[in-house]
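# Okay, here's the prediction I keep looking at, along with the sequence it came from:
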Amino acid sequence: MTQTRPLSRETLKAALGWLAELGVDETLAEAPQDRYAEALREAPRLKSGAPPAASAAQPRARPAARPAPAPAAAPVAPDPQEAAAASLASAARKAPDLDALKAVLEAFQHPLRAGARRAVFEDGLRGARLMVVGEAPGADEDRLGKPFVGRSGQLLDKMLAAIGLDRSKSDPKEAFYLGNILPFRPPGNRTPSLAEVEVFRPALERQIALARPEILLLAGGTPTKALLRTETGIMRLRGTWSLVQVEGRELPALPLFHPAFLLRAPAMKALAWRDLLSLRRRLDGG
Ligand code: URA
């Protein structure tokens, strides 16, 4: 019998580093689950159309002499996620101010909560002329409770500082306000699903309405698609001004490459700089 030798510390470190590179930075269970082996075990059953093992073990029903009458249609139970989304939308629309909206999100039960430490709601100056809308908190934001405070947030701050904006200022003309579509960190920083975006969009729209910015800066493809209600990607839309409808108000919105993308593709910073200058002109009334 072959004996498996314990892996060295270096090998284990390299394997963990490789997984982290792939975005696997969460442990979800005590023991690993081999999904490939499970799929292979399932394959013959699926091919033959046999019932799953548990029900295959049950005694077979005798063939009925006559076909049984069709059972009465059971009432369709409401999808719990849809019901929760509707209740979030309704509570968010009723929130009279940003603190109340924040409390609504903090109390909202959603599967993403399981992997997140807290709801990340806002940073910067409420009432600033510019609001930056991001995608979702990452690990640093989840730890510190504020949007855009990790590496990509630091780049965002530098980019906006280059056009005279600073989230810590108290003058609405010099400051900016920040929020995300999702308040909870998705596991492994994966891109939020369409369904998750749909659940949280009404709350984000309420946040925009209550913060009353004049201009929106949409950081990356996810907020761009969600707020412009489009399938077109950020590569095509960046730098193009659009109007976003929020609670009866039209707001000019500018899609910009997400700073995390710029960290991976620094050559794209030249295009982002062009977009920032366009934002500066718009803030100056141009
Ligand atoms: N990326 C985002 O989109 N939002 C954050 O808050 C942090 C990183």
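Here it is on my side, so go on. Numbering: from 1, shown residues only.
# Counting neighbours, what do you get for residue 144?
Neighbours of residue 144 under the rule other Cβ atoms under 10 Å: 16. C-beta here means a position set from N, CA and C on the backbone, and glycine is covered the same way.
# In a strand, residue 250, correct?
Yes: counting by DSSP: H, G, I helix; E, B strand; the rest coil, residue 250 is found in a strand.
# give me the beta-bridge partners of it?
Note on residue 250: beta-bridge partners residue 245, judged by DSSP bridges.
# Would you agree it is in contact with residue 243?
Yes: with contact defined as Cβ atoms under 8 Å, residue 250 and residue 243 form a contacting pair (4.7 Å).
# Show me what counts as buried in stretch 242-261.
Of the residues in stretch 242-261, those scored as buried under the neighbour-count criterion (16 or more other Cβ atoms under 10 Å) are 242, 244, 246, 251, 253-261.
# filter those down to the ones near the ligand?
Filtering the buried residues of stretch 242-261 for proximity to the ligand by Cβ under 6 Å from any ligand atom leaves residue 260.
# just the buried residues of stretch 242-261 now: which is nearest residue 75?
Comparing these against residue 75 with Cβ to Cβ picks out residue 246 as the nearest, at 36.8 Å.
# show me the contacts for residue 122.
Applying Cβ atoms under 8 Å, 6 or more residues apart in numbering, we find residue 122 in contact with 98, 102, 146-147, 177-179, 207, 211.
# on that earlier part again, out of the buried residues of stretch 242-261, which comes closest to residue 224?
Distance to residue 224, by Cβ to Cβ, is smallest for residue 255 among these, at 4.2 Å.
# so how far is residue 229 from whichever residue of the stretch 51-200 of the chain sits closest to the ligand?
Scanning the stretch 51-200 of the chain for the residue nearest the ligand gives residue 134, at 2.9 Å (criterion: Cβ to the nearest ligand atom). Remark: distance between residue 134 and residue 229 (Cβ to Cβ, to the nearest Å) = 18 Å.
# okay, those two: which has more neighbours?
Neighbours per residue, other Cβ under 10 Å: of residue 134 and residue 229, the larger number sits with residue 134, 27 against 9.
# looking at it, the more buried one is touching residue 223, isn't it?
Yes: applying Cβ under 8 Å as the test, residue 134 and residue 223 come out as touching, 6.5 Å apart.
# Pull up the overlap in contacts between those two.
Listed as contacting both residue 134 and residue 223 by Cβ under 8 Å, 6+ apart are 180-181.
# Next, count neighbours for residue 98.
Neighbours around residue 98, by other Cβ under 10 Å: 18.
# Setting aside sequence neighbours, what's the nearest residue to it?
Closest residue in space to residue 98, ignoring its immediate chain neighbours: residue 210 at 5.0 Å, by Cβ to Cβ, 6 or more residues apart in numbering.
# who in the stretch 1-150 of the chain is up against the ligand?
Going by Cβ under 6 Å from any ligand atom, the residues of the stretch 1-150 of the chain near the ligand are 134-138, 141, 147-148.
# dump the residue contacts of the closest residue to residue 125 other than its chain neighbours.
With sequence-adjacent residues excluded and distances taken as Cβ to Cβ, 6+ apart, residue 125 is closest to residue 175, at 3.7 Å. Listed by Cβ under 8 Å, 6+ apart, the contact partners of residue 175 are 124-125, 128, 130, 165-169.
# Need the buried ones from those residues selected in ChimeraX.
Selection command for ChimeraX covering only the buried members of the contacts of residue 175, criterion 16+ other Cβ under 10 Å:
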select :124,125,128,130,165,167
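# For my notes, please list the contacts of residue 175 in JSON lines and give pLDDT and secondary structure for each entry.
Putting the contacts of residue 175 into JSON lines (pLDDT from 0 to 100; DSSP: H, G, I helix; E, B strand; the rest coil) gives the following:
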{"residue": "124", "pLDDT": "98", "secondary structure": "strand"}
{"residue": "125", "pLDDT": "98", "secondary structure": "coil"}
{"residue": "128", "pLDDT": "98", "secondary structure": "coil"}
{"residue": "130", "pLDDT": "98", "secondary structure": "strand"}
{"residue": "165", "pLDDT": "98", "secondary structure": "coil"}
{"residue": "166", "pLDDT": "98", "secondary structure": "coil"}
{"residue": "167", "pLDDT": "98", "secondary structure": "coil"}
{"residue": "168", "pLDDT": "98", "secondary structure": "coil"}
{"residue": "169", "pLDDT": "98", "secondary structure": "coil"}
